[in-house]
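[1] here are the coordinates; sequence isn't available:
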DNA sequence: ACGGAACTCTGTATGTCTTACAGTAATAAC
DNA sequence: GTTATTACTGTAAGACATACAGAGTTCCGT
């Protein structure tokens, strides 16, 4: 950590845990992993806003500045937390590829609900550490089984992940804020047929409930997406 | 702005521009709109990180604290900026509903590329001011023309918007950070067939280029989603 | 064995940030 | 014209990231 180093390279090295052996000074009494775990614990317990260098340092029992021995700054710490927080990727037990994709989706949703702070880390660099890649690999595996080729499966997996992630963010936005119900009902006051015709039409149609829960919202889109994959595969190869 | 007020109600009132007439003190020399516009200008020119109360105040030519006369805090200012920054919703000129959805998607992408800071505002409350709703209404209108019913069209529009937004975020993550190419090539070092089998398979298949551009990435997913809609509509009503 | 390089950890300090609070001036209601 | 209400200013408090210098620790080369 002494030499000036490309931030991207630094990010990679820390994410993938290269240590570099045979170092001269005193034995480190801490580790990057411990610090990252402490950060995750703070975020879990008190929210992302409570994660400060001082708070994390207090958590591990060292001074604030000693954190900088292990991690070059807060931003990278957050990246590392993100990758650590995903945990072990799920094992998909369902039979068909479709079912496995749905199973995967349910698992990420569960993760995002358990750790909503993951959805609110503002980053400037593309992270994709080992943890996130492992999850992504599981999804991609299921999607590849549909018969899509490599780039297609990649695109589709990214699309699916993106939608799921952002929907979870929107959902947890609402869950945390009080008065959300009031908010929505106030909103319907303002949705007039002249100003927002489509919205008005959709909201006054049969079977529209005010509270659109994430589960059903996400499911319909996902099903259509997978239907589209089926159609594409049937069209392209089988006939 | 004197009384204690529900933050959600405050949010709504400011987003929808209720002023409340007949006030007693001196005439306001500024307006919420001016302040928000200044914030947007700063974010456009110098990035979201440069947006501080002091910087915005300097932009409009008043003291930092005078901002708090109009806006209760920074977080709400960012919400207002988000809703203002979308601008006028696009007019969709294409014929078929599919083409109009694709046209809409291209327009949001353009918007997100032009103002990437919109994708990095961390919020705790659901915003959905008039600006965002207007955009959403246009999308929903096109989707409704497919034949989906209200809740279905709503779900699908949310799904589509979410995917598009998150893909844009990922893309602009990469675009801003230097050494991204190096990053990716380093990454492929670490993708071994034993650790990430699906990823390895997908990446070594034919026609895989290292740089997956957002355009094609997003397009494939979108097309499958719309195919799925076609299938669903044909299945449900027409026969 | 020993000098010094390299490293860990601490304490202090600086600059930036949000925002609370008190004060001053202006305006409209009564 | 008195008074409540509001706009705006100045100061300052408290949180925060992090630069820097120093003290102590360990290992390498000699």
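    Now that the structure is in, tell me what you want to look at. Here the structure is a predicted model, which means the values were calculated and not measured. Numbering: from 1, shown residues only, chains lettered A, B, ... in the order given.
[2] Only C-alpha atoms from now on, for both contacts and neighbour counts.
    OK.
[3] mind checking how far whichever strand or helix holds residue A:201 is from the chain centre?
    Per DSSP states H and E: residue A:201 is located in helix A:197-204. Distance of helix A:197-204 from its chain centroid, counting by CA atoms, centre = their mean, to the nearest Å, is 31 Å.
[4] So which residues make contact with it?
    A:191-193, A:208, B:137-138, B:140-141, B:144, B:149-151, B:153-154 (CA atoms under 8 Å, 6 or more residues apart in numbering or on different chains).
[5] Hmm, which of those is lowest in pLDDT?
    Ranked by pLDDT, the contacts of helix A:197-204 bottom out at residue A:208, which has 71.
[6] How about the contacts made by that one?
    Counting by CA under 8 Å, 6+ apart, residue A:208 touches A:202, B:150, B:151.
[7] Could you report the pLDDT at the first one?
    Okay, so that is residue A:202. With respect to pLDDT, residue A:202 scores 91.
[8] Any idea how many residues pack against it?
    Residue A:202 is flanked by 22 other residues according to other CA atoms under 10 Å in any protein chain shown.
[9] quick one, domains of chain A?
    A:7-85, A:97-176+A:209-238 (automatic domain parsing).
[10] Mean neighbour count, those domains: which tops it?
    Stretch with highest mean neighbour count among the domains of chain A: domain A:97-176+A:209-238 (a mean of 19; mean count of other CA atoms under 10 Å in any protein chain shown).
[11] quick one: it near DNA strand D?
    No: Domain A:97-176+A:209-238 does not reach DNA strand D (CA under 7 Å from any atom of the strand); its nearest approach is 12.7 Å.
[12] before we move on, what about stretch A:64-78?
    Yes: contact between stretch A:64-78 and DNA strand D, assessed by CA under 7 Å from any atom of the strand, occurs at A:64, A:65, A:72, A:73, A:74, A:75.
[13] related to what we said a few turns ago, of the contacts of residue A:208, just say which sits nearest to residue B:90.
    Distance to residue B:90, by CA to CA, is smallest for residue A:202 among the contacts of residue A:208, at 19.8 Å.
[14] and the helix or strand bottoming out on mean pLDDT in chain A, how far out from the chain's middle?
    Lowest on mean pLDDT, DSSP states H and E among the helices and strands of chain A sits helix A:180-190, with a mean of 74. Averaged C-alpha coordinates place helix A:180-190 at 28 Å from its chain's average position (CA atoms, centre = their mean).
[15] Which neighbouring elements make contact with that helix?
    helix B:7-15 (3 or more CA pairs under 8 Å, 6 or more residues apart in numbering or on different chains; DSSP states H and E).
[16] and which of the residues of stretch A:64-78 next to DNA strand D is nearest DNA strand C?
    Nearest to DNA strand C among the residues of stretch A:64-78 next to DNA strand D, counting by CA to the nearest atom of the strand, is residue A:65 at 4.2 Å.
[17] ok, now how distant is the closest one from residue A:79?
    Separation of residue A:65 from residue A:79 (CA to CA, to the nearest Å) stands at 19 Å.
[18] which residues touch residue A:164?
    With contact taken as CA under 8 Å, 6+ apart, residue A:164 is in contact with A:105, A:109, A:218, B:159, B:162, B:163.
[19] just to revisit the earlier point, what's the following helix or strand past the helix holding residue A:201 packed up against?
    The helix or strand immediately downstream of helix A:197-204 is helix A:214-233, counting by DSSP H and E. Using 3+ CA pairs under 8 Å, 6+ apart, the elements in contact with helix A:214-233 are helix A:150-176, helix B:150-176, helix B:214-233.
[20] Out of those helices, flag the one nearest DNA strand C.
    For these, proximity to DNA strand C was assessed by CA to the nearest atom of the strand; helix A:150-176 is nearest, at 17.5 Å.
[21] No further queries at this time; thank you.
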